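Engineer: Dropping a prediction and its sequence here:
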Amino acid sequence: MNRFFDLVAEAARQSLLVKMTLSKPVQKHDELRNIYVKPVLIKEKRLFAFTYHYERRDEVKNYDDVQMMEILKELLPARFLNAVLFTVSEDVTLLVSSKGKATLQTKRVQEAREQNLDHDKQKNRLVNPANPWWYQLGLTTREGKVTADMQHKFKQIYKYAEIVESLLKPMKFDGTVHVADMGAGKGYLTFALHEVLTQRLHLDVDIKGVEIRPDLVLKINDIIKASNLKGMEFVESSIEAYHPEKLEVLIALHACNTATDDAIASGVKAGAELIVCAPCCHKQIRQEMERSGKVDAITRHGIFLERQAVMVTDAIRALILEYYGYKTQVMEFIEMEHTPKNVLLVGRKTTKAPNRMEIMRQIADLKARYGIRQHYLETRLPFRME
């Protein structure tokens, strides 16, 4: 242990320390999962930035070399059992057993590394917290730093932006891209969508955030105006009542219960090229299943009934999208430990004619198996046998 501390102190003193990581918490349920350390140059002074990775947020603190060593000795082995020191020429790994025995492993590197002393290096980010609207939306400070209590929310927004960019990149648009964000709420994801489309993909856009609460619509439009954002507007409307004249991309994240179906129906009727939904609150099908009295070894348990209702609801939604000529994909949106609302249903318009008879048969089988009389989306997008 002392040898490891000596090596860290020497690497810091000679400016050889590239980075350092602390991992494997002593307490398995410790909210602090790991720590990342790197040298930084702030106002011509060499410091060490500690990035504390908590379960739901990150914190960064800067220390001089003396403070760094004091903190390191407090954390090892009391809080963490593993540490890796990366220098310009070697890796030194500290491993502490559950009984407190410490061992060192040293490995020379093939090519000499260089220190990176950039502090908060600017990156070509998908979503840039320095943009003024994030401060006005309450996620960042005036300096563009994500606040501690909004770290988790910003991670969700960033993950959403990654997925949306990957879905939009292969698409070819002719002129202005017409987008509707159904049930846009406070606008977090609408602003992220605008950044991805305009600043990353360099597209001209006409984005409508559809929100039924007039106070939110007024507030968000004021932020859009103050930020001088072009091609974006919030409109006051329910999802069911909103009927866009032109639509290429429809987004509906966490629209409750059958509002997701209203959004899907709106996208299909408008001929949207891409439909992206993160459904939640699957009450309609769960109630249908409960009324039917059909139970099995799974659905007789309330929590399993809830999960089965979620899967059946979204499976039928996917089949109905396929009936209308969409290629569907179901993916994970947000990690399970963050929220149970982690399914993203994606539909891409295709030119391939669907096998509607087969799709109808699959929907009928699911409904019969679980005692479902009708899926709400069937009332919004009627079928006919072909």
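Structural biologist: Cool, got the structure.
Engineer: The spatially most central residue of the chain and residue 88, how far apart?
Structural biologist: The geometric centre of the chain, computed from its C-alpha atoms, lies nearest to residue 159 (C-alpha atoms, centre = their mean), at 2.7 Å. Noted for residue 159: a distance of 34 Å to residue 88, by C-beta to C-beta, to the nearest Å. (Glycine included, C-beta is placed from N, CA and C.)
Engineer: which residues of this protein fall in strands?
Structural biologist: Ranges of strands in the chain, per DSSP state E, are 17-25, 32-42, 45-54, 58-63, 80-87, 90-96, 102-108, 177-182, 205-211, 232-236, 249-256, 274-280, 326-332, 343-349.
Engineer: For the shortest one, what is the distance to the chain centroid?
Structural biologist: This points to strand 232-236. Distance, stretch centre to chain centre, for strand 232-236: 23 Å (C-alpha atoms, centre = their mean, to the nearest Å).
Engineer: How about the fourth one?
Structural biologist: The chain centroid and the centroid of strand 58-63 are separated by 23 Å, computed with C-alpha atoms, centre = their mean.
Engineer: just stretch 316-335 next, same as before
Structural biologist: Mean-position distance between stretch 316-335 and its chain equals 18 Å (C-alpha atoms, centre = their mean).
Engineer: mind listing what's buried in it?
Structural biologist: 316-326, 328, 333-334 (16 or more other C-beta atoms under 10 Å).
Engineer: re the thing from before, okay if I get the strands of the chain as CSV plus distance to residue 356?
Structural biologist: Compiled in CSV, those are given as follows (distance: least, C-beta to C-beta, whole Å):
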stretch, distance to residue 356
strand 17-25, 53
strand 32-42, 49
strand 45-54, 49
strand 58-63, 49
strand 80-87, 56
strand 90-96, 59
strand 102-108, 61
strand 177-182, 26
strand 205-211, 30
strand 232-236, 34
strand 249-256, 22
strand 274-280, 18
strand 326-332, 13
strand 343-349, 16
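Engineer: end-to-end on stretch 76-83?
Structural biologist: 8 Å (C-alpha to C-alpha, to the nearest Å).
Engineer: can you tell me how far the residue nearest to the centre of the chain sits from residue 45?
Structural biologist: 35 Å.
Engineer: go on, residue 259?
Structural biologist: 54 Å.
Engineer: neighbour count winner among those two?
Structural biologist: Shown here are residue 259 and residue 45; by other C-beta atoms under 10 Å, residue 259 has more neighbours (21 against 9).
Engineer: Chain neighbours aside, what residue packs nearest to that one?
Structural biologist: residue 239 (5.0 Å; C-beta to C-beta, 6 or more residues apart in numbering).
Engineer: I'd guessed the one you found sits against residue 261; true?
Structural biologist: No - Residue 239 is beyond contact range of residue 261, at 9.2 Å (criterion: C-beta atoms under 8 Å).
Engineer: Could you pull out the buried residues of stretch 2-19?
Structural biologist: When burial is assessed from 16+ other C-beta under 10 Å, stretch 2-19 yields the following buried residues: 4, 7-9, 11-12, 16-19.
Engineer: Ignore what I typed, I meant stretch 183-198.
Structural biologist: 183-198.
Engineer: Among these, which are located in helices?
Structural biologist: Counting by DSSP state H, the buried residues of stretch 183-198 place 188-195 in helices.
Engineer: Turn these into a markdown table, columns for distance to residue 53.
Structural biologist: Converted to a markdown table, those look like this (distance: C-beta to C-beta, whole Å):
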| residue | distance to residue 53 |
| --- | --- |
| 188 | 22 |
| 189 | 24 |
| 190 | 28 |
| 191 | 26 |
| 192 | 22 |
| 193 | 27 |
| 194 | 29 |
| 195 | 25 |
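Engineer: what residue ranges in this structure score low on pLDDT?
Structural biologist: Low-confidence segments of the chain (pLDDT under 70): 112, 118-124, 333-341, 383-386.
Engineer: if we can go back for a sec, ok, the buried residues of stretch 2-19 vs residue 155, which is closest?
Structural biologist: residue 19 (21.7 Å; C-beta to C-beta).
Engineer: Might one say that the closest one is in contact with residue 35?
Structural biologist: No - contact between residue 19 and residue 35 fails when scored by C-beta under 8 Å: they sit 11.0 Å apart.
Engineer: what about the residue nearest to residue 259, distance to residue 44?
Structural biologist: 55 Å.
Engineer: now do residue 108
Structural biologist: Residue 108 sits 32 Å away from residue 44 when distances are taken as C-beta to C-beta.
Engineer: Ok, residue 168 next?
Structural biologist: Remark: distance between residue 168 and residue 44 (C-beta to C-beta) = 43 Å.
Engineer: For those two, work out which one has more neighbours and name it.
Structural biologist: Neighbour count, other C-beta under 10 Å: between residue 168 and residue 44, residue 168 has more, with 22 against 5.
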